[in-house]
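> Quick one, fold the following:
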Amino acid sequence: MCGLDHEVREPMKLVIAVIKPFKLEEVREALTSIGVQGLMVSEVKGYGRQSGHTEIYRGAEYVVNFVPKIKLELVVPETILAQVIETLSTTAKTGKIGDGKIFVLDVEQAVRVRTGETGQEAL
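Numbering: from 1, shown residues only. Just a heads-up that it's a prediction; the model follows:
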């Protein structure tokens with residue numbers, strides 16, 4: 001088992017944000033400026049209320065059921081969570097449908113593989 005059971009662990013949160021692809025660099029810069037030290041980025045496809053859209057390709061119209069998005073995952077100390085959510089919300093917002101979602105989950109433990117550091121030191 002990693003980490004000491006008797007150590008006091010400061011709460012950490014996993015923030016998952018789904019945003020429009022063209023907002024990625026702006027969001028990354030904003031998060032870096034508030035002290036976020038790292039994040040994971042995945043290209044994903046999905047749909048929400050917008051339920052896809054119609055496109056024309058070689059003269060034929062077809063329905064795109066899954067819209068391309070970017071999924072960001074970052075683990076942050078609970079002390080900056082509100083600031084992270086505010087930064088994501090304002091930076092990723094275009095005011096149009098499909099701007100995305102933000103989810104927050106508890107993180108029990110984090111371990112930096114290279115050094116064995118645990119908790120917030122591993123971030």
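> wait, what's in contact with residue 70?
Contact analysis of residue 70 by Cβ atoms under 8 Å, 6 or more residues apart in numbering lists 18, 19, 20, 21, 23, 24, 41, 42, 43, 44. Yep, even glycine has a C-beta here, placed from its N, CA and C like the rest.
> what about the residue nearest the centre of the chain, is that helix, strand or coil?
Centroid-nearest residue in the chain: residue 72, 2.7 Å away (criterion: Cα atoms, centre = their mean). Classification of residue 72 using DSSP: H, G, I helix; E, B strand; the rest coil returns strand.
> My guess is it contacts residue 17. True?
Yes. With contact defined as Cβ atoms under 8 Å, residue 72 counts as touching residue 17 (4.5 Å).
> Spit out the residues that contact those two alike.
Counting by Cβ under 8 Å, 6+ apart, the contacts common to residue 72 and residue 17 are 27, 88.
> how close does residue 106 get to residue 46?
Residue 106 is 24 Å from residue 46, where distance means Cβ to Cβ, to the nearest Å.
> Please read the previous query as pertaining to residue 16.
Going from residue 16 to residue 46 by Cβ to Cβ gives 12 Å.
> quick one on the thing from earlier: neighbour count: residue 106 and residue 46, which is higher?
Neighbour totals were compared for residue 106 and residue 46, and residue 46 leads with 14 against 9 (other Cβ atoms under 10 Å).
> what's near enough to touch that one?
With contact taken as Cβ under 8 Å, 6+ apart, residue 46 is in contact with 18, 66, 67, 69.
> Mind picking the two most distant members of those residues?
Greatest spacing in those, by Cβ to Cβ: 18 and 66 (12.4 Å).
> can you pull out the strands in the protein?
According to DSSP state E, the chain carries its strands in the segments 12-19, 40-46, 53-57, 60-64, 67-77, 100-107.
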